[in-house]
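Participant: Only the shape, not the letters, is given here:
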């Protein structure tokens, strides 16, 4: 695994190749510009070729980038970014254990609000309820965002719902696919899960210190393990073509920043209403929800004020569920 300082240098190296696309640049010139030895340049090229970058090598002439790489590089994202805060500071990695772990450490060290961690691959990606998140190299979006909202901890679940709304909007805007939301924040396309969200928080009794929002989107995956068949899918499988991960990230960050600011300015209701409008699970859905050591059966009646799922039970009583897993729905 590369250190972040090494990743920054390689990112600058890629920028240099992009700036000189279509022409060969000598190893000597590259080494001089990057202030490293020529062997380091050779090592970087070898590493990037292993990552799938199309770099042509011509002995005694130099190196040439033959096509724009499908990498989530900070400068490729920033040049099209339309946000004020979210994504203005980006850390890109080729491989990490978990982007949430990296972002959490950055948040502890004082990282600014809006800091984004992206990785081409995760070796220990995780979802809600301790589940593993499949994070294949270069196929998905594995990102975490640091936010420092002026909110009480009990209002954090509503922010979780806002993330789901932002993701569903981004998928529709960039891929033309209808995205449903299963409570609280699973994103489904054609009834199959394409995105998961994991939010982790550090807070005092009456104030959130920071939240790390982890988002995993299955973008260009062509297959899944048998254990996930029929449950998980990708935008590629549902849309029939490959999609730009960068375009999805750009739309996601813009939508999420807009919702985040609206939430803090206007309150919870604006998020709750948008979530219910975008989720077929909101009203009239027969569900079974695993809650701790029991299962709740009933019909959904929208959301409570703090984002709880309201379920009408068989005896007519209404239960509000703050945490749980919807396992059956009709």
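Facilitator: Yep, that arrived. These numbers come from a predicted model, not from an experiment.

Participant: Flag the shaky bits of this structure, pLDDT-wise.
Facilitator: Low-confidence regions of the chain, defined by pLDDT under 70, span residues 1-5, 125-135, 328, 330.

Participant: for it, longest strand please?
Facilitator: strand 192-203 (DSSP state E).

Participant: Give the next helix or strand downstream of that one.
Facilitator: Using DSSP states H and E, the helix or strand that follows strand 192-203 in sequence is strand 208-217.

Participant: Counting by contacts, list what that next one packs against.
Facilitator: Judged by 3 or more CB pairs under 8 Å, 6 or more residues apart in numbering; DSSP states H and E, strand 208-217 is in contact with helix 99-108, strand 141-147, helix 156-175, strand 192-203. Placement of C-beta: from N, CA and C, glycine included.

Participant: Pull out the buried residues from the last one.
Facilitator: For strand 192-203, burial by neighbour count (16 or more other CB atoms under 10 Å) applies to 192-199, 201.

Participant: The residue in the chain sticking out farthest from the centre and residue 26: what is the separation?
Facilitator: In terms of distance from the mean C-alpha position of the chain, residue 60 ranks first, at 42.0 Å (CA atoms, centre = their mean). Counting by CB to CB, to the nearest Å, the gap between residue 60 and residue 26 amounts to 9 Å.

Participant: Name whatever forms a beta bridge with the residue nearest the centre of the chain.
Facilitator: Centroid check for the chain by CA atoms, centre = their mean gives residue 215 as the closest residue, at 2.9 Å. Beta-bridge partners of residue 215, counted by DSSP bridges, are residue 143, residue 197.

Participant: re earlier: could you redo the buried residues of strand 192-203 as a markdown table and give each row distance to residue 308?
Facilitator: Converted to a markdown table, the buried residues of strand 192-203 look like this (distance: CB to CB, whole Å):
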| residue | distance to residue 308 |
| --- | --- |
| 192 | 26 |
| 193 | 22 |
| 194 | 25 |
| 195 | 22 |
| 196 | 20 |
| 197 | 17 |
| 198 | 19 |
| 199 | 16 |
| 201 | 17 |
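
Participant: List just the nearest of those residues to residue 209.
Facilitator: Nearest to residue 209 among the buried residues of strand 192-203 is residue 201, at 8.0 Å by CB to CB.

Participant: so residue 195 sits right up against residue 216, yeah?
Facilitator: Yes: using CB atoms under 8 Å, residue 195 is in contact with residue 216, at 6.5 Å.
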